[in-house]
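>>> Sequence first, then the predicted structure:
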Amino acid sequence: MKVDLTCPVELWQCIMPTQEEPTCVFRFNNLSEKTVTSVQVTMISLNTAGEPIYRQVERIQGINADARERFTITVLPAQWDETVSVDLVIEKVWFDDAIIWRRYDSSLTEYEPNGLAPGRKLDELRFVAGQDAIGYPLMEEFVWVCVCGRANEKAAKRCARCGRQTEAVFANYRPQTVDLIIAAHERKRQDIAKKAREDASKLLEEQGKKQKQRKRLNRNIAVVIISLLLITAAALVTMLWVIPEKRYSHAEDLLQAGAFNEARSAFLAMGEYRDAPEQLVRCDYLEAKAWLDEGDMESLGRASAAFRDLADYEDCPNLWRQAEFLQGEILLEAGAFDIAAEHFSAAGRLEGVTEAHYLQASKLFDAGLYADAAGIFLEMADYRDSQEKARESNYRIALSARDAEEYDQAMGLLTGLGDYRDAQAQLQAVCYLLAEQKMAANEREGAGVLYLEAGDYLDARLKANDVLYQIAQEHYRTGDYERAGELFASIVPYLDSDSLSDECVYQQASVKLASGLYQEAAELFALVPRHKDATEKTKECLYQLANLSWTNENLEEAAELYASLGDFKDSERQLNQIQYQIAEGAVAQADF
């Protein structure tokens, strides 16, 4: 038989179509620790000779199967003539985190199934291992086969289907071990039967003595009648009370001795006698406590399930949380941090959850998986040294990105580290390296900006000035004075960048003036007072604004602008005319 050990789901059961229900029903186990949202399968129809006669590929969506949960899909066969059975191949599995598992032919592994034929051996195995057992565990060349029939990777410490630990499976469910347990169980049953025979023998002996007494009383008919009545009454008492009470007492002894299965059978046989139904529940409770006391992972798992099923019986909620906590501690010590956190969470022990996540992140950190470690450390707030380790993880990721020439990623990480260690010095170095890379790709402007960000690293400042100066001149020659001015200003002082920066502002102002944007032009001319005719150009802008204000009858505003110009052009004459016009308006309104 072949199995794909990498497949995160396994086929559990197949129900063939009928006339009433024409669909194939397939039940699966989700073996992963994630939620399955969709599967793609190939259904192969087989004839009586086992030969494939039709293949049908289906993708089923809308599944929401949590980790370790069973789920069902239905497929309507497109063709069913001559089909006697089907084979199903799982091609793809989608998870809720957008990860997709795909099947590869090379991933199939051969193994020998361990299923036992129905019979005494299988019954004995299931008595010891549970009703899901199908055969003794096998250790094969490439896999080990669990008692539940699941083939697992040879290095796997736990069965992917039932969760049993490898060591426990081979220690507890080998043929020799099962035979020893069954033999011990048989001896216990024989001891109980022997005691029952001895009790019966004593009872017969007592009855013999009573018969002798009756013979001695034959002379007196009245005494005989009374004796018979007494014997009848004693028999009724024995049948209605003594025997059931002895059985009850015997069941109690079995329960106290820890023979839970035998005690359970004894109480079950009593029906409603006394509190036998309540004692059945107590059998489950005490057996669960015994599993809790054993303390190994498998016993704790059984105890947890039993206490959960017992709900609010006595202190079961507290004992269930205790079982979950103890499982979490064992898993934590074994390094199974995710599963340990789940058990701690179920137990309500948040400090255990936090510690499990911290140890998991620390293990990832020690293994060099800094990105995964940083994500966990950052979520842990101020727990222990989590924030320090998160920064160290990002620092190392940044250095790795730098070494791999992934400079953008390195810059982002180093920027976020602030003054941590030599992060700023490393940031300058990365800016310089990225600038060199952009220069090689002829991305000169981006390179120049990065050279500037590199600060005083090597010759970064000189290279920034040189490349940005050349680019600024190119913008200037094409008439992009705004961009040219920004670049010249960024490298002041360098050669004549200061004067060229002013010249760019002057040229922008001149363009605004020619376009009639006098206010904007005036503001720009005012920024470069050192330019040879900037002052005159500013006055020209104000003069044109005054004329516009006068045309728009904003007389006060026009008068203020003309007054600020002094003797520029005909400003004084224009000012006098406006003031005269304002005075005429005041007279017309009697505002003397």
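Okay, I see it. Numbering: from 1, shown residues only.

>>> CA atoms for contacts and neighbours, from now on please.
Noted.

>>> And this structure, what are its domain boundaries?
Taking automatic domain parsing as the reference, the chain has its domains at 2-110, 120-173.

>>> How far does the shortest one sit from its chain's centre?
Centroid separation for domain 120-173 versus its chain: 29 Å, with Cα atoms, centre = their mean, to the nearest Å.

>>> tell me the mean pLDDT over it?
In this model, domain 120-173 has a mean pLDDT of 92.

>>> end-to-end on that domain?
With Cα to Cα, to the nearest Å as the measure, the first residue of domain 120-173 is 15 Å from its last.

>>> Make residue 1 into 8 and carry on from there
Taking 8 as the first residue, the last one we looked at is domain 127-180.

>>> Compare the domains of the chain and give me the one nearest residue 566.
Proximity to residue 566 (Cα to Cα) singles out domain 9-117 among the domains of the chain, at 71.9 Å.

>>> just to revisit the earlier point, would you mind finding the most buried of the domains of the chain?
Among the domains of the chain, judged by mean count of other Cα atoms under 10 Å, the one packed with the most neighbours on average is domain 127-180 (a mean of 18).

>>> nearest to residue 397, of the domains of the chain?
Closest to residue 397 of the domains of the chain is domain 9-117 (Cα to Cα; 23.4 Å).

>>> Tell me which stretches of the stretch 358-507 of the chain form helices.
Secondary structure of the stretch 358-507 of the chain (DSSP state H, counting those that start in this stretch): helices located at 377-385, 393-410, 414-423, 430-447, 451-460, 467-484, 488-497, 504-521.

>>> Would you mind putting the domains of the chain into a markdown table with distance to residue 335 alongside?
As requested, the domains of the chain are arranged in a markdown table below (distance: least, Cα to Cα, whole Å):
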| stretch | distance to residue 335 |
| --- | --- |
| domain 9-117 | 16 |
| domain 127-180 | 15 |
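
>>> closest to residue 180 out of the helices of the stretch 358-507 of the chain?
Nearest to residue 180, of the helices of the stretch 358-507 of the chain and by Cα to Cα, is helix 377-385 at 39.0 Å.

>>> ok, residues contacting that closest one?
The contact list for helix 377-385 (Cα atoms under 8 Å, 6 or more residues apart in numbering) reads 364-365, 367-369, 371-372, 393-394, 396-398, 400-401, 403-404.

>>> Most neighbours among the residues you listed, which one is it?
Greatest neighbour count in those, by other Cα atoms under 10 Å, goes to residue 368: 25 neighbours.

>>> How about it, nearest residue that isn't a chain neighbour?
Spatial nearest neighbour of residue 368, excluding adjacent residues (Cα to Cα, 6 or more residues apart in numbering): residue 380 at 4.5 Å.

>>> Repeat that for residue 43.
residue 102 (4.5 Å).

>>> Roughly how far does that neighbour sit from residue 586?
From residue 102 to residue 586 the distance is 83 Å (Cα to Cα).

>>> do the same with residue 205
In terms of Cα to Cα, residue 205 sits 140 Å off from residue 586.

>>> and if you look at residue 83?
Per Cα to Cα, residue 83 is found 97 Å from residue 586.

>>> Need the pLDDT of the residue nearest to residue 110 when sequence neighbours are not counted.
Leaving aside its chain neighbours, residue 110 sits nearest to residue 98 (5.1 Å; criterion: Cα to Cα, 6+ apart). On pLDDT, residue 98 comes in at 92.

>>> Quick one: residues contacting residue 98.
By Cα under 8 Å, 6+ apart, residue 98 lies in contact with 46-49, 109-110.

>>> Pretty sure residue 265 sits against residue 292.
No - the pair residue 265 / residue 292 is not scored as a contact, 11.5 Å apart, by Cα atoms under 8 Å.

>>> quick one, which of the two is more surrounded?
More neighbours surround residue 292 than the other of residue 265 and residue 292, with 21 against 15 (other Cα under 10 Å).

>>> where's the more buried one, which helix or strand?
In the assignment (DSSP states H and E), residue 292 maps to helix 283-301.

>>> Pull that helix out as CSV, backbone CA atoms only.
Taking Å, rounded to 0.1, in the frame of the first residue of the first chain, the C-alpha atoms of helix 283-301 are listed here in CSV:
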residue,chain,number,x,y,z
ALA,A,283,-25.9,1.6,40.8
PRO,A,284,-26.4,4.2,38.0
GLU,A,285,-24.6,6.9,40.1
GLN,A,286,-21.8,4.4,40.7
LEU,A,287,-21.3,3.9,37.0
VAL,A,288,-20.5,7.6,36.7
ARG,A,289,-18.2,7.3,39.7
CYS,A,290,-16.4,4.5,37.9
ASP,A,291,-15.6,6.9,35.1
TYR,A,292,-14.6,9.6,37.6
LEU,A,293,-12.2,7.4,39.6
GLU,A,294,-10.7,5.9,36.4
ALA,A,295,-10.1,9.4,35.1
LYS,A,296,-8.4,10.3,38.4
ALA,A,297,-6.2,7.2,38.1
TRP,A,298,-5.1,8.3,34.6
LEU,A,299,-4.4,11.8,36.0
ASP,A,300,-2.2,10.3,38.7
GLU,A,301,-0.2,8.2,36.1
